[in-house]
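J.: what would the 3D arrangement of this be:
(one chain, ligands or ions: 1)
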Amino acid sequence: MALLEAKHVTKQFGGLTAVNDVSLTIDEGSIVSVIGPNGAGKTTFFNVLTGIYKPTKGAILFDGKDITGLRPDQITALGICRTFQNIRLFNAMTVLENVLVGMHTRLNAGLWQILFGTPSVRAEERVSLDRARELLRFVNLDHQRNQLARNLPYGDQRRLEIARALASSPKMILLDEPTAGMNPQETAEATDLIRRLRDELGITVVLIEHDMRVVMTISERITVLDYGTKIAEGLPEEIRSNPRVIEAYLGKGAAAHGVEQVGG
Ligand SMILES: Nc1ncnc2c1ncn2[C@@H]1O[C@H](COP(=O)(O)OP(=O)(O)OP(=O)(O)O)[C@@H](O)[C@H]1O
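T.: Numbering: from 1, shown residues only. Okay, here's the model as predicted:
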């Protein structure tokens, strides 16, 4: 069943068409990748899905609802969370506090109740703390919960970002280059964590990723963008040997000469 449907989505910045008439269906419980050369429009597409940009044209349906043009916080509350290409943590807060901040969309307490610490707020805080620690255990960071975020090694910061995104209890997570800048060991751990998001938490995963080994091992389906346009879609083995994809990555003539497969 489709969890997300993008229909003919276009995003223009002045005269530049960053995303051009892209339609895409993402099934519930799947792991899919969006790939393409630099500047292909991948991050802009994520930004449209998460409400950071309104599409110039087209519509987005999520879980049966039209979410086109909703604000980012409204889209998060409906169940889409994300991480960013450049890590965006609250560096001066602890690991635990970063996850608690991510939970605010799910808390019911109003300002009055928080100021006066009513019993219901204290109960809600306890539940939040338990849940935050459960998420930290899931990403294997609970032992670091009192560290400042800025003191974590790079791979751990990326995992903390995922834990914070999970705090909004999403149905779908969008990961923008989750293994960028990682060493091989960190990349292997991140790949394993991405798989567990789906296998153990049932979350649908969409990733933008440049590391073709990661893309080819983890994705069930791949969509390829080039100059804002969808040029291919299919199973990893289909994408790997698709002449248009090889041409987009390696330049004209490469496919004709059978030079190389993408990620081969
Ligand atoms: N806010 C903006 N204003 C103007 N142009 C933009 C804006 N955001 C993105 N673009 C342009 O849109 C095009 C697509 O950029 P985008 O960042 O979506 O590509 P990408 O596929 O994510 O690239 P990369 O792999 O390098 O991150 C680029 O030409 C970029 O310069």
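
J.: can you give the distance of the longest helix seen in the chain from its chain's centre?
T.: For the chain, the longest helix by residue count, based on DSSP state H, is helix 119-138. Its chain's C-alpha centre lies 24 Å from the corresponding centre of helix 119-138 when counted by Cα atoms, centre = their mean, to the nearest Å.

J.: all the strands of the stretch 51-200 of the chain, residue numbers only.
T.: 57-62, 65-66, 80-83, 172-176 (DSSP state E, counting those that start in this stretch).

J.: nearest to the ligand, of these?
T.: Proximity to the ligand (Cβ to the nearest ligand atom) singles out strand 172-176 among the strands of the stretch 51-200 of the chain, at 7.8 Å. Bear in mind the C-beta positions are built from the backbone N, C-alpha and C, glycine included.

J.: what is that closest one packed up against?
T.: Applying 3 or more Cβ pairs under 8 Å, 6 or more residues apart in numbering; DSSP states H and E, one finds that strand 172-176 makes contact with helix 42-49, strand 80-83, helix 154-166, strand 204-208.

J.: that strand near the ligand anywhere?
T.: No. On the criterion Cβ under 6 Å from any ligand atom, strand 172-176 is out of touch with the ligand, staying 7.8 Å away.

J.: now the angle between strand 204-208 and that strand, please.
T.: For strand 172-176 against strand 204-208, the angle by axes from the mean of the first three to the mean of the last three Cα atoms, to 10 degrees is 10 degrees.

J.: what pairs with strand 172-176, parallel or antiparallel?
T.: Strand pairing for strand 172-176, using DSSP bridges, gives strand 80-83 (parallel), strand 204-208 (parallel).

J.: any chance of those in CSV, with mean pLDDT and mean neighbour count too?
T.: Listed next are these as CSV, based on pLDDT from 0 to 100; neighbours: other Cβ atoms under 10 Å:
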stretch, mean pLDDT, mean neighbour count
strand 80-83, 95, 24
strand 204-208, 98, 23
